[in-house]
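K.L.:
Give me a 3D structure for the following:
(one chain, ligands or ions: 1)
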Amino acid sequence: MKVNGTSTRPIWLDDDGWGVNIIDQTKLPHAYEIVRMENLADACHAIFDMLVRGAPLIGATAAYGMALALKKDASDAGFDQAYSELYATRPTAVNLRWALDEMRAQIFPLAEGERIGAAYKLAAQICEDDVAQNSSIGDHGLKIIQEIWEKKGKTGVVNILTHCNAGWLATVDWGTATAPIYKAHDSGIPVHVWVDETRPRNQGASLTAWELGNHGVDHTLIVDNAGGHLMQHGEVDLCIVGTDRTTASGDVCNKIGTYLKALAAHDNDVPFYVGLPSPTIDWTVDDGVKEIPIEERDATEVTEMTGRLKDGTVATVTITPESCTAGNYAFDVTPRKYITGLITERGVAKASKEGLAVLFPDKV
Ligand SMILES: CSC[C@@H](O)[C@@H](O)C(=O)COP(=O)(O)O
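P.N.:
Purely as a prediction, here's the structure:
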């Protein structure tokens, strides 16, 4: 997608052919800074400290992280060390494990001398595949938005609510939840997006709002608790969110608060869709609530907030009493019964084992 009119991705190989550049998303929207990763530690830091985040982008970064690690040590022990360090960076997004397993399946069996070149090639392929998958999600999701637009007699706007950032910054391009939105906008359907701020890290306020603004998509930022009210008053035509891990039976794990939006959507007959590329499906788990590991992050993300002061400087302030303890559960699971459909690169699936099996007979 474009930043100030220039086509941009959140990860790319540097001109020298071995360093890997990322946009430091912890600095957005106040500063646009590029960070160059040169080794395994840089890649682990980028994922753990969320310079990059979002399930598909975490996978892509891990793939390049493995290539960077092998450049220094392409031995079996070097591979295993890199696998375990990268795997330990974040627990919930299954794309991390998926990308590392792709590396293990395709790179580990090669001779040491062939591993580095092949790892860079595979990392680049994982990135290109992600772009193609998300573009297809956009095409399938566009049809849903088109239908709603037609049902409304092509008057007014299509109001879409999204949570967190499942935009191009969370992927290699297009985004998952946002791909249908961008395609609808580009095809002339008037869309308006309700952007949940998404406490505690505010990915909606800082990243989704920034992305949509750059692309010229009409949007309004709302506090996390406003969605139910808007749905009760007919102000939301559909919800589209992303996911960090979807089970083989269609339960969806996504940023904390997604579940409550799904409940409100269900109560108000608002369609609730999830955009996801197939590497986000964990075919090894069924019951999302019981089986998906939920990341718990530092309490300071809840007790503090970072923003721009009037003089332009960026500052972090504490918003609680000194002694306040806080829990920071980063994700929750929305049971499949609340999901209208899973928008994948192969089409829209029912959120069920059978529904996914229709589109992915090769995986089940
Ligand atoms: C296309 S990304 C889907 C999800 O990864 C996204 O919705 C999300 O929850 C991101 O969480 P984050 O903690 O910012 O990595």
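K.L.:
Show me what the mean pLDDT comes to for the longest helix seen in the chain.
P.N.:
In the chain, with assignment by DSSP state H, the single longest helix is helix 112-151. Average pLDDT, helix 112-151: 98.
K.L.:
right, is it up against the ligand?
P.N.:
No. Against the ligand, helix 112-151 shows no contacts by CB under 6 Å from any ligand atom, the least distance being 8.0 Å. Where you see a C-beta, it was placed from the backbone N, CA and C, and this is true even at glycine.
K.L.:
Skip ahead from that helix and say which helix or strand is next.
P.N.:
Using DSSP states H and E, the helix or strand that follows helix 112-151 in sequence is strand 158-162.
K.L.:
The helix or strand just after that next one packs against which elements?
P.N.:
Where DSSP H and E defines the elements, the next helix or strand beyond strand 158-162 is helix 178-186. On a contact count with 3 or more CB pairs under 8 Å, 6 or more residues apart in numbering; DSSP states H and E, helix 178-186 meets helix 112-151, strand 158-162, strand 191-196, helix 209-215, strand 238-241, strand 272-275.
K.L.:
burial count for the residue lying closest to residue 170 once chain neighbours are set aside?
P.N.:
What sits nearest to residue 170 in space, not counting adjacent residues and going by CB to CB, 6 or more residues apart in numbering, is residue 54, at 2.2 Å. As a burial measure, residue 54 scores 30 neighbours (other CB atoms under 10 Å).
K.L.:
show me the contacts for whichever residue of the chain sits closest to the ligand.
P.N.:
The nearest approach of the chain to the ligand comes at residue 242, 2.7 Å away (CB to the nearest ligand atom). Listed by CB atoms under 8 Å, 6 or more residues apart in numbering, the contact set of residue 242 reads 54-55, 164, 166, 170, 175-177, 254-255, 274-276.
K.L.:
could you pick out which of these are near the ligand?
P.N.:
Within those, those near the ligand by CB under 6 Å from any ligand atom are 54, 55, 164, 166, 170, 175, 176, 254, 255.
K.L.:
count of neighbours near the second one?
P.N.:
Neighbours of residue 55 under the rule other CB under 10 Å: 29.
K.L.:
List the contacts of it.
P.N.:
93, 94, 95, 96, 170, 242, 243, 244, 245, 280.
K.L.:
Same check on the third one?
P.N.:
By CB under 8 Å, 6+ apart, the contact list for residue 164 reads 170, 196, 198, 203, 204, 208, 241, 242, 254, 255, 257, 258.
K.L.:
ok, which pair from those is furthest apart?
P.N.:
Greatest spatial distance among the contacts of residue 164 (CB to CB): 170 and 257, at 15.8 Å.
K.L.:
More neighbours: which of those two?
P.N.:
residue 170 (29 against 22).
K.L.:
I would like the residues contacting stretch 221-235, please.
P.N.:
So stretch 221-235 is contacted by 159, 161, 163, 194-199, 204-205, 209, 236, 239, 257, 260-261, 264-265, 267-268, 270 (CB under 8 Å, 6+ apart).
K.L.:
Just the pLDDT at the most centrally placed residue in the chain, thanks.
P.N.:
In the chain, the centroid-proximal residue (CA atoms, centre = their mean) is residue 54; its distance is 3.2 Å. pLDDT, residue 54: 98.
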